[in-house]
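Give me a model of this one.
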Amino acid sequence: MKNTIDASIEFSFKGEDYCYTSEIDLDQLLLNHDALPSLHATLARRHGIDTYSYLYEVMEDSEIEFSNPQGFAANYLINGHFDLSALASNWHENKIMLQLKSILKNEMDITDLNQHPALKRVLIETYNLGRKA
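Coordinates of the predicted model:
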């Protein structure tokens, strides 16, 4: 299933009203970025706004509204608030676990890492240390 969410922003600048909406492909966003990119910058680029402009500065001061979550994004949109940080953390953790799954099965005969929480934490921290190095 595709993991997406619609992001909308409304603001006014020099007496003109702006309203931009884009569907954000969360899988692509997280796959291409280790650190979370600014969704304001993402929306600006998609709508042809220079991120060094006054228009963009005003846009940055406006809150992004989220709707229509698809896939795992639905778990992170609660009462209108989208927790992108938690989603990204869990997405990267699941990616790590998928990569380690066959190694754990072959080397330690472990099929469910959730039954070994300490080992899971150590593997995630080790993986993250390797990514930073």
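
Could you report the neighbour count for Thr51?
Using other CB atoms under 10 Å, the number of residues around Thr51 comes to 14. For every residue, glycine as well, the C-beta is placed using N, CA and C.

try Ile103
11.

any idea how far it lies from Ala41?
Going from Ile103 to Ala41 by CB to CB, to the nearest Å gives 37 Å.

Also Asn68?
Computed as CB to CB, the Asn68 to Ala41 distance reads 21 Å.

what packs against the longest helix along the chain?
The residue-count maximum for a helix in the chain (DSSP state H) belongs to helix 84-108. With contacts defined as 3 or more CB pairs under 8 Å, 6 or more residues apart in numbering; DSSP states H and E, helix 84-108 has these neighbours: helix 26-32, helix 117-132.

Spit out the contact partners of the residue nearest the centre of the chain.
In the chain, the residue lying closest to the centroid (CA atoms, centre = their mean) is Ala88, at 4.3 Å. Counting by CB atoms under 8 Å, 6 or more residues apart in numbering, Ala88 makes contact with Leu30, Leu36.
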